[in-house]
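Student: let's see this in three dimensions:
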Amino acid sequence: MNEQTAAPMMRVSFDLDEVLFVSSKTHKTEPALVFPLNRIFTERLRLGTPELIHTLQDLGYKVWIYTSSFRSERYIRWLFRLYHIRLDGIVNGQRHLKEVQRDRKETLPQKLPSRYRISLHVDDEAVIASWGKEYGFHTYLLEAQDDDWKEKIIAYADRIRKMEHPEYAPVQKNIGNP
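Tutor: Predicted structure coming up:
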């Protein structure tokens with residue numbers, strides 16, 4: 001992509017538990033890692049996760065993880081690398097408390113993607129989605145098994161990018177008389 005055709009940079013983040021990390025009993029999953037890695041990294045990725053993240057990155061999106069879990073950034077980064085995924089950023093529970101909540105007396109939401117200039121956050125909790133308007137971010141609510149989840153997220157991210165960056169929306173050509 002050259003600079004003239006490059007799409008405006010937009011960040012998309014994903015929660016881990018029940019979004020990218022799912023149970024093979026309730027969701028289709030990527031193959032488990034080989035022994036002994038499957039003993040260290042026990043989580044199973046939702047089927048299509050590597051493809052979705054690579055597609056988003058190829059389309060010019062920066063892909064982050066934003067989780068309230070206290071898994072270490074190192075653990076998360078390595079797990080995704082084993083699936084050939086390079087993440088652009090990670091916010092875990094510890095980083096959120098340190099950088100977002102800090103020493104504030106009022107309790108902030110457990111996730112605040114706008115603090116990290118994340119435009120779209122994919123989560124399974126309706127309460128996170130409800131905070132979006134108040135705190136300036138969009139949420140895609142991903143709940144049950146959905147075979148079309150990748151296409152829906154890409155389409156939603158594209159709509160948000162066009163809203164935030166109207167210059168990216170295709171120009172309508174007037175054919176015929178005005």
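Student: any chance you could map the strands in the chain?
Tutor: Assigned by DSSP state E, the strands in the chain fall at 10-14, 61-66, 89-91, 118-123, 138-141.
Student: who does the longest helix along the chain touch, helix- and strand-wise?
Tutor: The residue-count maximum for a helix in the chain (DSSP state H) belongs to helix 149-164. Using 3 or more C-beta pairs under 8 Å, 6 or more residues apart in numbering; DSSP states H and E, the elements in contact with helix 149-164 are strand 10-14, helix 49-58, strand 118-123, strand 138-141. C-beta: built from backbone N, CA, C; applies to glycine.
Student: now the strands of the chain in a markdown table, with distance to F35, mean neighbour count and mean pLDDT?
Tutor: Shown next, in a markdown table, are the strands of the chain (distance: least, C-beta to C-beta, whole Å; neighbours: other C-beta atoms under 10 Å; pLDDT from 0 to 100):
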| stretch | distance to F35 | mean neighbour count | mean pLDDT |
| --- | --- | --- | --- |
| strand 10-14 | 27 | 24 | 97 |
| strand 61-66 | 25 | 22 | 98 |
| strand 89-91 | 26 | 20 | 98 |
| strand 118-123 | 31 | 24 | 96 |
| strand 138-141 | 35 | 20 | 96 |
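Student: let's have the ones you listed in CSV, adding distance to G48.
Tutor: Formatted as CSV, the strands of the chain follow (distance: least, C-beta to C-beta, whole Å):
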stretch, distance to G48
strand 10-14, 12
strand 61-66, 14
strand 89-91, 20
strand 118-123, 13
strand 138-141, 14
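Student: can you check which of those gets nearest to L20?
Tutor: Closest to L20 of these, according to C-beta to C-beta: strand 10-14, at 5.3 Å.
Student: contact partners of that closest one?
Tutor: Applying C-beta atoms under 8 Å, 6 or more residues apart in numbering, the external contacts of strand 10-14 come out as 20, 56, 60-66, 88-89, 91, 113, 116-123, 153, 157, 160-161, 164-165.
Student: stretch 56-67 too?
Tutor: So stretch 56-67 is in contact with 1, 6-17, 20, 53, 76, 80, 86-93, 96, 111, 113, 116, 118, 121, 153-154, 157-158, 161, going by C-beta under 8 Å, 6+ apart.
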